[in-house]
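Asker: need coordinates for the below:
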Amino acid sequence: MRKIICKKVYDTSESIIVKKVTYGNWGDADGYEETLYQTLDGAFFLYVNGGAESKHTEEKITRMSKAKAEEWLANN
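Answerer: Residues are numbered from 1 along each chain as shown. Okay, here's the model as predicted:
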């Protein structure tokens, strides 16, 4: 997935996976995944995707500060 936020490109195929967390099994309506990425220039973003009944009902990219990324890592 690729998204431009504030004139910066966040692309899952061009970035490094820092950590991926999966809740539930593939195909579960309430299952979802969260993946923390780091771009080649050091920026962080969170990619989420999930089933129709999950907390992430659609594919989304959210940029994150280094502090927020570290907080997410500590809690996941």
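Asker: only C-alpha atoms from now on, for both contacts and neighbour counts.
Answerer: Fine.
Asker: Ser13: neighbour count?
Answerer: 11 (other C-alpha atoms under 10 Å).
Asker: same check on Leu73?
Answerer: 13.
Asker: and it, what does it touch?
Answerer: By C-alpha atoms under 8 Å, 6 or more residues apart in numbering, the residues touching Leu73 are Lys19.
Asker: now do it, the pLDDT please.
Answerer: We have a pLDDT of 97 for Leu73.
Asker: that one sits in which helix or strand?
Answerer: Assigned by DSSP states H and E, Leu73 belongs to helix 66-75.
Asker: and Gly46, how far from Glu58?
Answerer: Gly isn't right for residue 46; it's Leu. Distance from Leu46 to Glu58, counting by C-alpha to C-alpha, to the nearest Å: 13 Å.
Asker: who's the spatially most central residue of the chain bridged to?
Answerer: Computing the C-alpha centroid of the chain and ranking residues by C-alpha atoms, centre = their mean puts Tyr47 first, at 1.9 Å. Applying DSSP bridges to Tyr47 yields these beta-bridge partners: Thr35, Ile61.
Asker: right, and Asp45 touches Glu34 too?
Answerer: Quick fix: residue 45 is Phe, not Asp. No - in this structure, Phe45 is not within contact of Glu34 by C-alpha atoms under 8 Å, at 10.4 Å.
Asker: of the two, which one has the most company?
Answerer: For Phe45 versus Glu34, neighbours defined as other C-alpha under 10 Å are more numerous around Phe45 (25 against 19).
Asker: ok, and the more buried one, which helix or strand is that part of?
Answerer: Here Phe45, judged by DSSP H and E, is contained in strand 44-50.
Asker: quick check: buried residues in that strand?
Answerer: Within strand 44-50, the residues that count as buried by 16 or more other C-alpha atoms under 10 Å are 44-50.
Asker: tell me the mean pLDDT over that strand?
Answerer: Per-residue pLDDT over strand 44-50 has a mean of 97.
Asker: okay, now the unreliable bits of the protein?
Answerer: Within the chain, no stretch has pLDDT under 70.
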